[in-house]
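Engineer: okay, sequence plus prediction incoming.
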Number of protein chains: 2
Amino acid sequence: MLLETSRSLITKGWTIDQWQSAYQQSGALPSDLLSELLNSLSDNDPAWISVASADQLAGQLDALARRLADVNGDMSALPLYGVPFAVKDNIDAGGWTTTAACPAFAYTARDDAHVVALLRSAGAVLVGKTNLDQFATGLVGTRSPWGAVPNTFDPAYISGGSSSGSASVVARGLVPFALGTDTAGSGRVPAAFNNIVGLKPTRGWVSNRGLVPACRTLDCITAFALTVEDASAVVSLFSGYDAADPFSRTRPTSAPAHFSCKPVLAVPANPRFDGDNRAQSHFETNLKQLENMGATLVEIDFTPFSELAQLLYAGPWVAERHVAIERLMTEQPEAVHPVVRGIIEQADRYSAADAFRAEYRRAALARQIQQVLATADALVVPSTPSIYTIAQVLQQPVALNSTLGTYTNFTNLADLCALALPGGLRSDGLPAGITLIAPAWHDASLVDFGVRWQAANTTSPGAPGVWQGEWPPAASPDYVSNRGHEVMVAVVG
Amino acid sequence: MLLETSRSLITKGWTIDQWQSAYQQSGALPSDLLSELLNSLSDNDPAWISVASADQLAGQLDALARRLADVNGDMSALPLYGVPFAVKDNIDAGGWTTTAACPAFAYTARDDAHVVALLRSAGAVLVGKTNLDQFATGLVGTRSPWGAVPNTFDPAYISGGSSSGSASVVARGLVPFALGTDTAGSGRVPAAFNNIVGLKPTRGWVSNRGLVPACRTLDCITAFALTVEDASAVVSLFSGYDAADPFSRTRPTSAPAHFSCKPVLAVPANPRFDGDNRAQSHFETNLKQLENMGATLVEIDFTPFSELAQLLYAGPWVAERHVAIERLMTEQPEAVHPVVRGIIEQADRYSAADAFRAEYRRAALARQIQQVLATADALVVPSTPSIYTIAQVLQQPVALNSTLGTYTNFTNLADLCALALPGGLRSDGLPAGITLIAPAWHDASLVDFGVRWQAANTTSPGAPGVWQGEWPPAASPDYVSNRGHEVMVAVVG
């Protein structure tokens, strides 16, 4: 099943700027554009767990009208006025069901998660909640009773997870941005597999209040978008210290805003591709592109990164997943997806002494990693070693999942931020991405370099046919407003 | 047994300035002063586990001479030139035995702990290693095969622990400063009970490399001295980022240096004194002194502090103590002090899930505490609710220990720094202290206020008869050099 949106959907692939332009310059109405969008969404689309009902849309449009009145009708005071977005279904939205992809766990959320409240107060309209690997446990997007989310380039392949649905709906241009979460790499792997941007900010910069935890000490809410600018804009809007989240942190004033003039990028020596030659040669091409942009590449020993990556699942942090759904695991274990259950049941293996021993090892490896990263502006890795079909993953659900985390699993354990970028298409037409990784609070540096990477990349983002503006964007600095304006004539005309 | 140093010891009670003055202005020689000091130390003094042998002294004097030659004979380039110090015997000194107060655990350290190396490179000379509650597990100073360390005011009472010996040798004026460690309060309780200063810096500001861990994620090396200036000077010399300690942290450049002009001090509402009326009325007197200094006192709800304090021993952090001595606990459990063993054996109770659950609770309470502390310049508490005799503690070793941690146990869990200050003598002649507590990296603020408190305090520090200079020091800014000079005439004349 190839998930296609109705060809006629006028808003397909719009960026945030294009949405703003439609309202502010072309006089389009949120009720018109968002009703059309909701009507276009298919009931059989496994990327969605729920979509906004007519009442939910109406309620949000009323609230939006009040917000606009509060700012005296100045749409520019609401940076996401009427902009639709999707939320991974482990994040609460007031009045919506939160499932975490487990029907037995589902509940109706009373309040918005802190991030959702911030986005709605900026004018954004929630159109749906997306499928995920149950309890965000997985990097594959197949571990859900709502079905495996197919890849937007080839439905035989996985979308990647756990934020499988959020990446899919962004890649298909249904919404300009969607929220994911990233504990092991769930905000990056599906971005890579769907040719979009995934920004995993510094842990603690974004409040996790209203998130169903996977590993509470590691979880990080992320943004997916077609462009680095949009992902960054969204994170800027939903981030910030939240006293009510004990793991929230204050951004230091000394956070850097860009790489050095002549960027140095650390690259793993002898990177693993699980035997995937296409992935390997594609990454080599990406490295050449980085050199063409003026970056100097230096090979680094990847051993501490690999060891830390393995600690995440083969270590006591699985106990956090157990604590998160303890009652369900005790009272209704059969309600948990068997693969997820198999992973979480391993929590029993670990004592408090094991937890502290692992914490000591984590700290030692994180220190080694900091020292390696201090020699460069960032680390660049393939976002994943390879890509697999849904059938392959169903056959080897744990082993392939583990391989997929090779370049992601260490990130939150080592307190790093990361930006997954489209890397163009492999020789077989499937997307493959690169990820830039840097120390905590270097988010803005990653974004700055990511924008340059995007301008140097000739493949337009998203699923085939989604992007309809000019690309690369640097060729026309006005690409967004031009494109927005042009289309809107048709809408409102 | 009242531990007295030979009345004739000329260096008794000298501050660092007085030692410097003896060498720089009076021409005294380290070999003379330190030999005399070592000769005065009693074999029967339970404050010491080991004292420097003649060879160990000679080796250090040779090294000191080389260091002086390296700086062209400029003594002022070695801020601790020839200054004797003591180290709690859970901290390594190269070539010395480290026992952690457990003969079966003892080993000869190859290298200096990072802090000891820094102090020696500043010219300090290690004269002995001090007794402690075994494996730094206790606040009493009675849990050691080297005996209970008696209080320097009344030998029937405890010295407090776990840094019992270090506080004792400073209070008796044998050394101007000594190192302790503080996980639950071991750098503050013995300071209070011996009328001296105990500075527990921000955790991670001081490297723990070369320390036998109690709880690795919480341990903090501290300084004891007669004056705030000396404690602060010593911490300044042994602190700083150490890449080789994974829990070492970088001091932020924004760390404050003093309280606001009109300091606000938070005080627990209804503080507990375990029925000790003398302690209660003495604390009330101390609070009046703070008000006389211009401080505004505000009562705060102490509940989150109390709950966090209880988590330290009635929670999974005891598993860290188990990990630290795992082999001994497995192979030779009978070699561990029975009270200490009883505590550490409780590690088995806790699973990794318990550890994470407690970490979530810790974080939530720490956040509440941060919010309370944000309303004041610091918290002020009695350093302990009461003081007990050795006999009382031997009868109720766990319950009384737990009570002693009422105002200390939460500090490292909440990432705070603390300064224990002498508070003068109670109506029964026993000392009682106050402790100032503030968020991480507010160390300099605490020190600044501590100096003012000291100037307002009429009781001279240390055991009776130890301090022989003028007091309070503010009455004569030159008190240190005057005193040093005067005495040295006798020494070198």
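Structural biologist: Right, received. Where do you want to start? Residues are numbered from 1 along each chain as shown, chains lettered A, B, ... in the order given.
Engineer: I'd like to know which residues of the stretch 151-300 of chain A are adjacent to chain B.
Structural biologist: A:216-217, A:243, A:246-247, A:252-254 (CB under 8 Å from any CB of the partner chain). Yep, even glycine has a C-beta here, placed from its N, CA and C like the rest.
Engineer: and which of those residues is nearest B:Ala353?
Structural biologist: Each of those was scored against B:Ala353 by CB to CB, and A:Arg216 proved nearest at 11.8 Å.
Engineer: select the longest helix from chain A.
Structural biologist: Counting residues, the longest helix found in chain A (DSSP state H) is helix A:352-373.
Engineer: packing partners of the next helix or strand after that helix?
Structural biologist: Counting by DSSP states H and E, the next helix or strand C-terminal to helix A:352-373 is strand A:378-382. If you count contacts as 3 or more CB pairs under 8 Å, 6 or more residues apart in numbering or on different chains; DSSP states H and E, strand A:378-382 packs onto strand A:264-268, helix A:277-292, strand A:431-439, helix A:443-455.
Engineer: swap the cut-off to 10 Å and go again
Structural biologist: If you count contacts as 3 or more CB pairs under 10 Å, 6 or more residues apart in numbering or on different chains; DSSP states H and E, strand A:378-382 packs onto strand A:264-268, helix A:277-292, helix A:352-373, helix A:410-413, strand A:416-425, strand A:431-439, helix A:443-455.
Engineer: dump the ones you listed into CSV; add distance to A:Ile16 and mean neighbour count as well.
Structural biologist: Putting these into CSV (distance: least, CB to CB, whole Å; neighbours: other CB atoms under 10 Å in any protein chain shown) gives the following:
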stretch, distance to A:Ile16, mean neighbour count
strand A:264-268, 29, 20
helix A:277-292, 26, 16
helix A:352-373, 31, 20
helix A:410-413, 26, 28
strand A:416-425, 17, 26
strand A:431-439, 21, 25
helix A:443-455, 15, 21
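Engineer: so can I have a markdown table of these showing mean pLDDT and distance to B:Ala440?
Structural biologist: Converted to a markdown table, these look like this (pLDDT from 0 to 100; distance: least, CB to CB, whole Å):
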| stretch | mean pLDDT | distance to B:Ala440 |
| --- | --- | --- |
| strand A:264-268 | 98 | 31 |
| helix A:277-292 | 97 | 39 |
| helix A:352-373 | 98 | 17 |
| helix A:410-413 | 98 | 22 |
| strand A:416-425 | 98 | 22 |
| strand A:431-439 | 98 | 19 |
| helix A:443-455 | 96 | 23 |
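Engineer: any chance of these in CSV, with distance to A:Glu345 too?
Structural biologist: Converted to CSV, those look like this (distance: least, CB to CB, whole Å):
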stretch, distance to A:Glu345
strand A:264-268, 32
helix A:277-292, 32
helix A:352-373, 16
helix A:410-413, 22
strand A:416-425, 29
strand A:431-439, 31
helix A:443-455, 36
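Engineer: related to what we said a few turns ago, can you flag the buried ones in the residues of the stretch 151-300 of chain A next to chain B?
Structural biologist: Neighbour counting by 16 or more other CB atoms under 10 Å in any protein chain shown classes A:216-217, A:246-247 among those as buried.
Engineer: related to what we said a few turns ago, hmm, the longest helix of chain A in reach of chain B?
Structural biologist: Yes - using CB under 10 Å from any CB of the partner chain, we find that helix A:352-373 touches chain B at A:352-368, A:370-371.
Engineer: quick one, what contacts the closest residue to A:Gly315 other than its chain neighbours?
Structural biologist: Leaving out its chain neighbours, the residue that sits closest to A:Gly315 by CB to CB, 6 or more residues apart in numbering or on different chains is A:Ala358, at 4.7 Å. By CB atoms under 10 Å, 6 or more residues apart in numbering or on different chains, the contact set of A:Ala358 is A:311-312, A:314-317, A:319, A:350, A:413, B:352, B:355.
Engineer: what do you get for A:Leu218?
Structural biologist: With contact taken as CB under 10 Å, 6+ apart, A:Leu218 is in contact with A:182-184, A:203, A:247, A:312, A:317, A:320, A:411-413, A:415.
Engineer: which of the residues you listed scores worst on pLDDT?
Structural biologist: On pLDDT alone, A:Leu312 ranks lowest of those, at 91.
Engineer: which stretch among the helices and strands packed on strand A:378-382 comes nearest A:Val197?
Structural biologist: strand A:416-425 (6.1 Å).
Engineer: quick check: angle from that closest one to helix A:443-455?
Structural biologist: Our comparison of strand A:416-425 with helix A:443-455, counting by axes from the mean of the first three to the mean of the last three CA atoms, to 10 degrees, yields an angle of 10 degrees.
Engineer: with that, I have no additional questions.
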